[in-house]
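Asker: Show me the folded form of this:
(one chain, ligands or ions: 1)
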Amino acid sequence: MFADTLIEKLQKSQHLVILTGAGVSAESGIATFRDALTGLWKKYDAETLASEQGFRADPALVWGWYEWRRKQVLQAKPNPAHYAIAQLAEQLPKVTLMTQNVDDLHERAGSHNVLHLHGSLHQPRCLDCDQAYDLPKQADSKNTSNVESRIDPPHCYDCDGPIRPGVVWFGEQLPVNVWKLAQEACRECDLMLVIGTSGVVWPVADLPNFVNKDRGCVVQINPNITSLNGLASYNLSEKAGAILPKLYAAAFT
Ligand code: OAD
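Answerer: Numbers count the residues shown, from 1 in each chain. Got it, this is the predicted structure:
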């Protein structure tokens, strides 16, 4: 079912880059962004829920929404795609995993040193002084029963400023060091798997363009067509949780 050339490239890869998006967590029950657009994101514009301006205007709405999402993630489990990705790292000399997802399902499946390009739901910090803040392991179930549960954000131990979610909001830069490492890995790699991303959010959507055209090769895994179909040398049009374990088995068992 896979081209022999693809299996050979995977087996011989010296540096594999894996870029994941919301599609990888979809089979764990977490709505993708473009799906969510038909839900809450339709009612509130994205800037209301995912910008500093929106947070300052209504902290309880925004914090409550992110706590609801964190609760969803805490209840979710990694799926076969997350596990297959972690297994690939055990077979190859160098794998750099980078994700746009703000959940921790890659880590819970056994992946290490994940580059969180858009931050993490699990690493909030003070809006005023940037001090990290420890959240309880469980989201408050009384207050996160639905997407519009309003919850006042906690306050910083140091300066009493409001605690903000640790995700990248509209109008914000990606974490500088994470972005630098991601670019370097894409320039250096010989193979890049791009899995479950619509490729419409910049600058992450540009990363496959950094892969060296002579030395490297881009493979897309996505049941739907995206802007990456033209650039990718291989397009595997299936769900990540179904195809990644098969790809792993074809190359390494
Ligand atoms: P999107 O929701 O834009 O795209 C999800 C992609 O996953 C789509 O192309 C689907 O076809 C694909 N997909 C769905 N189910 C899949 C499955 N089972 N296996 C493989 N692919 C599947 O999500 P992202 O591209 O991750 O940014 O969104 C990028 C960014 O947009 C997010 O990180 C977020 C949002 O604005 C921030 O929050 C900063």
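Asker: What count of nearby residues applies to residue 253?
Answerer: 7 (other CB atoms under 10 Å). To be clear about C-beta, it is placed using only N, CA and C from the backbone, and glycine gets the same treatment.
Asker: where do the helices sit along this structure?
Answerer: Using DSSP state H, the helices found in the chain span residues 4-12, 22-26, 33-36, 40-43, 46-49, 52-57, 59-75, 80-91, 105-108, 176-188, 240-252.
Asker: ok, the closest residue to residue 167 other than its chain neighbours to residue 50 distance?
Answerer: Nearest residue to residue 167 in three dimensions, chain neighbours excluded: residue 119, at 4.1 Å (CB to CB, 6 or more residues apart in numbering). As judged by CB to CB, to the nearest Å, residue 119 and residue 50 stand 11 Å apart.
Asker: shared neighbours, the two?
Answerer: residue 167 (CB atoms under 8 Å, 6 or more residues apart in numbering).
Asker: In this structure residue 61 contacts residue 150, no?
Answerer: Yes. With contact defined as CB atoms under 8 Å, residue 61 and residue 150 form a contacting pair (5.8 Å).
Asker: So for those two, which sits in the more crowded spot?
Answerer: Using other CB under 10 Å as the criterion, residue 61 and residue 150 rank with residue 61 on top: 17 against 14.
Asker: Just the pLDDT for residue 48.
Answerer: We have a pLDDT of 81 for residue 48.
Asker: actually residue 141, sorry about that
Answerer: 61.
Asker: Use 56 as the first number for this chain going forward.
Answerer: Happy to do that; since the first residue is 56 now, the last one works out to residue 196.
Asker: and the stretch 206-308 of the chain, which residues reach the ligand?
Answerer: Applying CB under 6 Å from any ligand atom, one finds that the stretch 206-308 of the chain approaches the ligand through 222-223, 251-253, 256, 276-279, 281, 294-296.
Asker: What remains of these if I keep only buried residues?
Answerer: 222-223, 251-253, 276-277, 281, 294-296 (16 or more other CB atoms under 10 Å).
Asker: Adding pLDDT, write those residues out as TSV.
Answerer: As requested, those are arranged in TSV below (pLDDT from 0 to 100):
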residue	pLDDT
222	97
223	97
251	97
252	96
253	94
276	98
277	98
281	97
294	98
295	98
296	98
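Asker: quick check, nearest of those residues to residue 68?
Answerer: Nearest to residue 68 among those: residue 276, at 15.5 Å, using CB to CB.
Asker: Surely the closest one and residue 299 touch.
Answerer: Yes. Taking CB under 8 Å as the definition, residue 276 is a contact partner of residue 299 at 7.0 Å.
Asker: Just the pLDDT at residue 93, thanks.
Answerer: pLDDT, read off for residue 93, is 56.
Asker: What of residue 123?
Answerer: 86.
Asker: domain parsing for the chain?
Answerer: Following automatic domain parsing, one finds the domains of the chain at 56-84+133-174+228-308, 86-130+180-219.
Asker: Now do the residue nearest to residue 56 when sequence neighbours are not counted: how many residues are near it, please.
Answerer: Spatial nearest neighbour of residue 56, excluding adjacent residues (CB to CB, 6+ apart): residue 301 at 6.9 Å. As a burial measure, residue 301 scores 15 neighbours (other CB under 10 Å).
Asker: Distance check, residue 301 against the ligand.
Answerer: Look at residue 301 and the ligand: by CB to the nearest ligand atom, to the nearest Å, they are 13 Å apart.
Asker: Residue 287 now?
Answerer: 13 Å.
Asker: Could you do residue 246 as well?
Answerer: Counting by CB to the nearest ligand atom, the gap from residue 246 to the ligand is 18 Å.
Asker: which residues touch the nearest residue in space to that residue that is not next to it in sequence?
Answerer: Closest residue in space to residue 246, ignoring its immediate chain neighbours: residue 68 at 4.5 Å, by CB to CB, 6+ apart. With contacts defined as CB under 8 Å, 6+ apart, the neighbours of residue 68 are 147-148, 244-246.
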